[in-house]
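Asks: Coordinates only, no sequence provided:
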């Protein structure tokens, strides 16, 4: 390379660096007046420390209040320019499918916009799922805030703190409440209590106490998956004939299998949303990862035995759930309860949630999404009270109510 060419390249490099620095300073000076806390958060970040300025994520076309629309909206691919491995992991996990899974629910389009695209309900957590830049722009027009670009759901903008995302509280906003109270289960379990005591320095920092991330983002892997998936149904079917029959009934009520037991179009949604393991190999891979994680503090045999208890609670819960589903399906079959026109099959549709039209169908929905969830999740999260009182015992009460209500309906039908 000649000296002249080298000098030109050197001058170009320093010129671009100078222009970038000046541009970044202009962003900072303006936004200190308009959104000062965004600037202060960025100044605390590793991005700032490493000279990653605004243009790296937002482009350099937005220069004034008149051209705000020219600011680039970050997506996971934007983060992938520097964090390629983490973004690849994220895209392979279930978090990436969260937005699509929400949109696929049968009555999602019935809900108030503020709860969905407005992020005040389902959308407030499911926003972590992959979306295009165009989608994000539309959401922001509806007032959507942090987390829309996915990575910032856990690494809150504009600090994008790794330390924040490593704390169990980072999971608390979404993993709590009605159908998945993992925060309540974890924080009141022995695991959670010990870690929270570590946080307030009542226990030494070296004591063993797992966080959510210890078990579900092993080694920092962002491909969050579990062996049983969100709904605790999987393939292949179990060898136990009764359990296999019960799972078929549940899959029919989820609309994944038709009355003939054959897969429906919803199976494609389940596959796309990655909410269930559909091969023994996939299930075993996730189970082995969990045993390896547990083995850091417990013997392998103990870990396997504890996880097997969770499997057995799913089996027992499925027996109760199938009985309840078949009770309601029998009412449809005998013309005692009108099957809703939007139900494709002669089974109650558990995915219509609170939009189920009658009290007995509402009770069935609660039994599935609240109490069955708590039965097996409480077991896996080592929380005795959730497994028993908030889960199993409530399922028994649900089945009793559904059975008695069905008997009353049949008795009334005979009198007509």
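Replies: Sure, I can see it. No experiment lies behind these values; they were computed from the predicted model shown.
Asks: for residue 189, phi and psi?
Replies: Note on residue 189: its backbone torsions stand at phi -90, psi 170 [degrees, to the nearest 10].
Asks: If I follow the layout properly, it ends up in contact with residue 382?
Replies: Yes. Residue 189 lies in contact with residue 382 (CB atoms under 8 Å); the separation is 4.7 Å. C-beta here means a position set from N, CA and C on the backbone, and glycine is covered the same way.
Asks: between those two, what contacts are shared?
Replies: The contact sets of residue 189 and residue 382 do not overlap (CB atoms under 8 Å, 6 or more residues apart in numbering).
Asks: For residue 80, which residues are in contact?
Replies: 87-88.
Asks: one more time with 6 Å
Replies: The contact partners of residue 80, taken as CB atoms under 6 Å, 6 or more residues apart in numbering, are residue 87.
Asks: Using the three-state scheme, assign residue 179.
Replies: Of the three states, residue 179 takes coil according to DSSP: H, G, I helix; E, B strand; the rest coil.
Asks: Report how many residues lie close to the residue nearest to it when sequence neighbours are not counted.
Replies: Residue nearest to residue 179 in three dimensions, not counting chain neighbours: residue 369, with 4.6 Å by CB to CB, 6 or more residues apart in numbering. When neighbours are counted by other CB atoms under 10 Å, residue 369 registers 18.
Asks: can you tell me how far residue 369 sits from residue 390?
Replies: Distance of residue 369 to residue 390, given as CB to CB, to the nearest Å: 13 Å.
Asks: any weak-confidence spans in the stretch 51-200 of the chain?
Replies: 142-143, 145-146 (pLDDT under 70).
Asks: Which stretches in the protein count as strands?
Replies: In the chain, no segments count as strands under DSSP state E.
Asks: so where's the longest helix in it?
Replies: helix 300-333 (DSSP state H).
Asks: elements contacting that helix?
Replies: helix 241-253, helix 280-294, helix 373-380, helix 393-415 (3 or more CB pairs under 6 Å, 6 or more residues apart in numbering; DSSP states H and E).
Asks: what about residue 147, neighbour count?
Replies: So residue 147, with other CB under 10 Å, has 22 neighbours.
Asks: how does this protein divide into domains?
Replies: Domain assignment for the chain, taken from automatic domain parsing, gives 83-166, 173-212, 234-415.
Asks: And the shortest one, end to end?
Replies: Think domain 173-212. 13 Å (CA to CA, to the nearest Å).
Asks: One more: stretch 74-85?
Replies: Note: stretch 74-85 ends 17 Å apart using CA to CA.
Asks: Repeat that for stretch 94-106.
Replies: End-to-end distance for stretch 94-106, by CA to CA: 19 Å.
Asks: about what we covered before: and of the helices and strands packed on helix 300-333, who's closest to residue 197?
Replies: helix 280-294 (20.4 Å; CB to CB).
Asks: ok now the closest one, how far from the chain's centre?
Replies: 19 Å (CA atoms, centre = their mean, to the nearest Å).
Asks: which parts of it are buried?
Replies: By neighbour count on 16 or more other CB atoms under 10 Å, the buried set for helix 280-294 is 282-283, 287, 289-291, 293-294.
Asks: With distance to residue 54 and pLDDT as added columns, please give these in a markdown table.
Replies: Shown next, in a markdown table, are those (distance: CB to CB, whole Å; pLDDT from 0 to 100):
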| residue | distance to residue 54 | pLDDT |
| --- | --- | --- |
| 282 | 41 | 96 |
| 283 | 44 | 97 |
| 287 | 44 | 98 |
| 289 | 38 | 96 |
| 290 | 41 | 97 |
| 291 | 45 | 98 |
| 293 | 38 | 97 |
| 294 | 43 | 97 |
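Asks: just the residues you listed now: which is nearest residue 63?
Replies: Using CB to CB, those come closest to residue 63 at residue 289, 47.9 Å.
Asks: Tell me the pLDDT of the residue lying closest to the closest one once chain neighbours are set aside.
Replies: Distance criterion CB to CB, 6+ apart; nearest residue to residue 289, sequence neighbours excluded, is residue 218 at 5.9 Å. Per-residue pLDDT puts residue 218 at 95.
Asks: Tell me the spacing between residue 218 and residue 153.
Replies: If you go by CB to CB, the gap between residue 218 and residue 153 works out to 20 Å.
Asks: what does residue 401 give?
Replies: 37 Å.
Asks: what does residue 333 give?
Replies: Relative to residue 153, residue 333 is positioned 44 Å away (CB to CB).
Asks: In terms of packing, which of the two has more residues around it?
Replies: Taking neighbours as other CB under 10 Å, residue 333 and residue 153 compare with residue 153 leading, 23 against 13.
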